[in-house]
Structures are given as structure tokens and as C-alpha cells.
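Colleague: Here is a sequence with its predicted model. Questions after.
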Amino acid sequence: MKLGREYLLTTQTLDIFGTAQAYTGPVRLLHGTQDHIVPMKCSRQYLETYGQRAELIQVEGENHLITKKRPQVVSLTVEFFKEVFSL
């Protein structure tokens, strides 16, 4: 995937954790233990930002693109939405 200059500049100045604080609903963070693009510390910081309404699930051996354990990650996502929306 090609990314343009504007995208890269914007991502460096965006206050992602400040923006995240405005969201007050439940959160499930899924992060692969082998993600070499986004460090785990970012998900941990989101966890702190969201507080008690959030959970972090570390997916052992998974990478950033979710290519190894996709069915497991999809299942965790669907389960979360079912819980949140009482489906």
C-alpha cells in the first residue's frame, strides 16, 4: 500500500490519545504480539486512556496485518459487538 506525504505528516501531528478520550463507550483492543509496526506500548497507552471501559487482548504470534490468526481475531471482534449491542 502506498501512502502519500500528507498522510505521513498528519499522523505525526495527530493527538490520537487526546482524541480517544472523547469516546466514552466500551473498547476492546486487539494487538498482535509480533506487530512490528505499532508497538504494544501504544495499546497499553490506549488502555490507560480509556480506563475501566477498555480491555486489551494480546493475540500471541499475530502481526500488524492480522494474517496468521484472522479467524480468532474476527471471532473476538464479533463477540465484542454481540456483547455491546446485545445481539
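Modeller: Thanks, I have it.

Colleague: From Glu60, how far off is Val73?
Modeller: From Val73 across to Glu60, the span is 11 Å (CB to CB, to the nearest Å). For glycine as for every other residue, the C-beta is placed from the backbone atoms N, C-alpha and C.

Colleague: which of the two has more neighbours?
Modeller: Applying other CB atoms under 10 Å to Val73 and Glu60 shows that Val73 carries more neighbours, namely 16 against 10.

Colleague: Give me the pLDDT value at Glu83.
Modeller: As predicted, Glu83 sits at a pLDDT of 94.

Colleague: show me the contacts for it.
Modeller: Pro26 (CB atoms under 8 Å, 6 or more residues apart in numbering).

Colleague: Give me the distance from the helix or strand containing it to the chain's centre.
Modeller: Element membership for Glu83 (DSSP states H and E) is helix 70-85. Put simply, helix 70-85 sits 13 Å off its chain's centre (CA atoms, centre = their mean, to the nearest Å).

Colleague: the strands in this structure, which residues?
Modeller: For the chain, applying DSSP state E gives strands covering 27-32, 54-59.

Colleague: list the buried ones in the last one?
Modeller: Within strand 54-59, the residues scored as buried using 16 or more other CB atoms under 10 Å are 54, 59.

Colleague: what does the first one give?
Modeller: When burial is assessed from 16+ other CB under 10 Å, strand 27-32 yields the following buried residues: 27, 30-32.
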